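Colleague: Got a predicted structure plus its sequence, pasted below:
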Amino acid sequence: MNPLNRNTAQTPAYPVKILQFGEGNFLRAFADWMIDMLNEKADYQSGVAVVQPIPQGMVAKLKEQDGLFHHLLRGLSDGQIVDESRLISCIQQLINPFDDPEQYFAQALNEDLTIVISNTTEAGIKFSEGDSPEPGKLAATFPGKLTQLLKARFDHFKGAPESGLIFIPCELIDRNGDKLKEAILNYTEIWNYPEAFVNWLDRYNYFGNTLVDRIVPGFPKDDIKEIQQNLGYEDNLVVSSEAFHLWVIEGPAEIEVAFPASKVGLNVKFVDDMEPYRTRKVRILNGAHTAMVPIGLLAGIETVKEAVEDEVIGQYIREILFEEIMPNINMPESELREFAENIIERFRNPFIRHELKSISLNSISKFKVRVLPSLLDYIKREQQLPKGLTIALASLIKLYLSADFDPSDDPKNLQFFEEVKSRSASNEGLINAILGNTAFWDMDLNTVTGLNKEVLSIFNALETESTKNLLAGQKL
């Protein structure tokens, strides 16, 4: 079997137009996959220079394969199994700025450079007053390093408008582009950079706010030998993902011109306001995950796939999605229905073992953000409680109080459950205390008309009745 490199695999060469901070599974199976598709189908002619954002990274491993790797598309699409491979060849340069800062700063002089993509984790976009702008030395933070690069670029091209860059961050924080720009501007202030540079930065550099959505299990270690045999290469950087993908980008029109991904059928949406898409994802995808966790675990189910394919629980998931969550979201019903159907199909992916126990991490805060808004909005709209989401809330409380479940959550939350169990003489006292904990819900849920009574009733029923029997007996 051949090793994978540019001698054993004939691949095209492209000028570097995209600087990518991050070499992990997600960007390689998401952004690099899209760039490779654009190169093939739209003659995009764009190479990527990957920058390792932290001292310990994968650039050395990628160099061993000359930046090449295979992407596996594995999942369901329109009810059919998809299992496809693609050799990704868009990465042209690999930079470890901690070992070779000169190679990093050389990108500031690259006249082809147009776009900066990043995924430096949620903690990556931060500002630190102690960061240093010493010439030739790297700033500690990701925005600090970008500020240095931009200043060098401004100096080299003498502030030419066309030398500005487009930033498309993928970090999972709200308004990621705005926060990245804010951090950079903070550095220009404390580093006393000239007003001309700040004006150039503000006028000719464009920052998008983004929402990304694709499940990326990563390296398929369980069947890698068979995969390598089928590929014909000893590829040690194979990355797998589901078939579904979505990239929502809010920003000026210049971003779509520079990154015309939607023109080749990729699910990239350029929008004026991304908030409806964020709400849709949080409430439908994340909300369904969070609601099914206590229901499934109490029923002895281990995975998302098992839950959605179970006759009773699968029907429950569909009913809360289409009848209790979707109607509260201000988007066209057809778009919401299509997205929800895609979610159900994604949940059934035979290539992904998505364990409910792992999703249960920090379920209290997740319920507050992902499910509670839908529950409260339903009450406002219908003037009654949503049965399915109320069952999810009661089941969550039951799960956290169960002797058979070891929750992974904030220690303060776990301590509260232990204390309330020890001091409450009745289920009524338990429910009053838990619903009344404003640190959990940002409000006293006992003030929601009828909620305490219904949660207590379901909680009591779960002591003598199985979860499936309870669901089967409820008409949502």
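Modeller: All right, it came through fine. Numbers count the residues shown, from 1 in each chain.
Colleague: buried stuff in the helix or strand Asp155 falls within?
Modeller: Element membership for Asp155, per DSSP states H and E: helix 142-156. Buried residues in helix 142-156, counted by 16 or more other CB atoms under 10 Å: 142-154. For glycine as for every other residue, the C-beta is placed from the backbone atoms N, C-alpha and C.
Colleague: Helix or strand next in line after that helix, which one?
Modeller: Next along from helix 142-156, by DSSP H and E: strand 166-169.
Colleague: For the residue in the chain sticking out farthest from the centre, which three-state class applies?
Modeller: In the chain, the residue that sits farthest from the middle, by CA atoms, centre = their mean, is Ala425; the gap is 42.2 Å. The local conformation at Ala425, judged by DSSP: H, G, I helix; E, B strand; the rest coil, is coil.
Colleague: Give me the contact list for the helix or strand hosting Asn342.
Modeller: Here Asn342 sits within helix 333-347, counting by DSSP H and E. The contact list for helix 333-347, computed with CB atoms under 8 Å, 6 or more residues apart in numbering, reads 75-77, 79, 215, 242, 244, 280, 284-285, 288, 304-305, 307-308, 317-318, 321-322, 326, 329, 354.
Colleague: Now, these that are in helices?
Modeller: By the criterion of DSSP state H, membership of those in helices covers Arg280, Ala288, Val304, Lys305, Ala307, Val308, Ile317, Arg318.
Colleague: Pick out the most distant pair among these.
Modeller: Arg280 and Lys305 (22.4 Å; CB to CB).
Colleague: Name the residue in these two with the higher neighbour count.
Modeller: Using other CB atoms under 10 Å as the criterion, Arg280 and Lys305 rank with Arg280 on top: 25 against 18.
Colleague: give the contact list for the more buried one.
Modeller: Residues near Arg280 by CB under 8 Å, 6+ apart: Ile329, Met331, Glu335, Leu336, Phe339.
Colleague: ok, now how distant is the third one from Ile284?
Modeller: Same thing as Glu335. The gap separating Glu335 from Ile284 is 11 Å, by CB to CB, to the nearest Å.
Colleague: Neighbour count for those two, which is higher?
Modeller: Ile284 (23 against 13).
Colleague: which residues touch the more buried one?
Modeller: Taking CB under 8 Å, 6+ apart, one finds Leu321, Ile325, Met326, Ile329, Leu336, Phe339, Ala340, Ile343 in contact with Ile284.
Colleague: Can you report how many residues lie near the closest residue to His245 other than its chain neighbours?
Modeller: Closest residue to His245 apart from its sequence neighbours, by CB to CB, 6 or more residues apart in numbering: Arg214 at 4.4 Å. Neighbourhood size, Arg214 [other CB under 10 Å]: 17.
Colleague: So Arg214 sits against Ala31, correct?
Modeller: No - taking contacts as CB atoms under 8 Å, Arg214 lies outside contact range of Ala31: 10.1 Å.
Colleague: Put the alpha carbons of the helix holding Asp155 into CSV.
Modeller: The C-alpha trace of helix 142-156 is given here as CSV (Å, rounded to 0.1, in the frame of the first residue of the first chain):
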residue,chain,number,x,y,z
PHE,A,142,-5.2,34.3,18.1
PRO,A,143,-6.6,37.9,17.7
GLY,A,144,-3.2,39.2,18.7
LYS,A,145,-1.4,37.2,16.0
LEU,A,146,-4.0,38.4,13.4
THR,A,147,-3.4,42.0,14.5
GLN,A,148,0.3,41.6,13.9
LEU,A,149,-0.3,40.0,10.5
LEU,A,150,-2.7,42.8,9.5
LYS,A,151,-0.3,45.5,10.6
ALA,A,152,2.6,43.9,8.6
ARG,A,153,0.2,43.6,5.6
PHE,A,154,-0.9,47.3,5.9
ASP,A,155,2.8,48.4,6.0
HIS,A,156,3.8,46.3,3.1
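Colleague: if we look at the following helix or strand past the helix holding Asn342, which residues are touching it?
Modeller: Sequence-wise, the next helix or strand downstream of helix 333-347 (DSSP H and E) is helix 356-359. The contact list for helix 356-359 (CB under 8 Å, 6+ apart) reads His289, Thr290, Met292, Val293, Gly296, Leu297, Ile301, Glu302, Thr303, Val304, Ala307.
Colleague: Kindly spell out which helices and strands sit in contact with the next helix or strand after helix 356-359.
Modeller: Later in the chain than helix 356-359, the nearest helix or strand by DSSP H and E is helix 363-370. Secondary-structure packing of helix 363-370 (3 or more CB pairs under 8 Å, 6 or more residues apart in numbering; DSSP states H and E): helix 287-298, helix 387-401, helix 438-441.
Colleague: so for the longest one, what's the average pLDDT?
Modeller: On average, the pLDDT along helix 387-401 is 97.
Colleague: what's the answer for stretch 126-143, then?
Modeller: Per-residue scores along stretch 126-143 average to 90.
Colleague: got it, and stretch 346-360?
Modeller: 95.
Colleague: Just the CA atoms of it, as PDB, please.
Modeller: The C-alpha trace of stretch 346-360 is given here as PDB (Å, rounded to 0.1, in the frame of the first residue of the first chain):
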ATOM      1  CA  ARG A 346     -29.200  12.800  10.800                       C
ATOM      2  CA  PHE A 347     -30.200  11.200  14.100                       C
ATOM      3  CA  ARG A 348     -30.600   7.900  12.300                       C
ATOM      4  CA  ASN A 349     -27.000   7.900  10.800                       C
ATOM      5  CA  PRO A 350     -25.800   4.300  11.000                       C
ATOM      6  CA  PHE A 351     -22.100   5.400  10.900                       C
ATOM      7  CA  ILE A 352     -22.300   7.500  14.200                       C
ATOM      8  CA  ARG A 353     -22.700   6.100  17.700                       C
ATOM      9  CA  HIS A 354     -24.000   9.200  19.500                       C
ATOM     10  CA  GLU A 355     -24.400   8.200  23.100                       C
ATOM     11  CA  LEU A 356     -27.100   9.900  25.100                       C
ATOM     12  CA  LYS A 357     -24.900   9.800  28.200                       C
ATOM     13  CA  SER A 358     -22.300  11.900  26.400                       C
ATOM     14  CA  ILE A 359     -25.000  14.400  25.300                       C
ATOM     15  CA  SER A 360     -26.200  14.600  28.900                       C
END
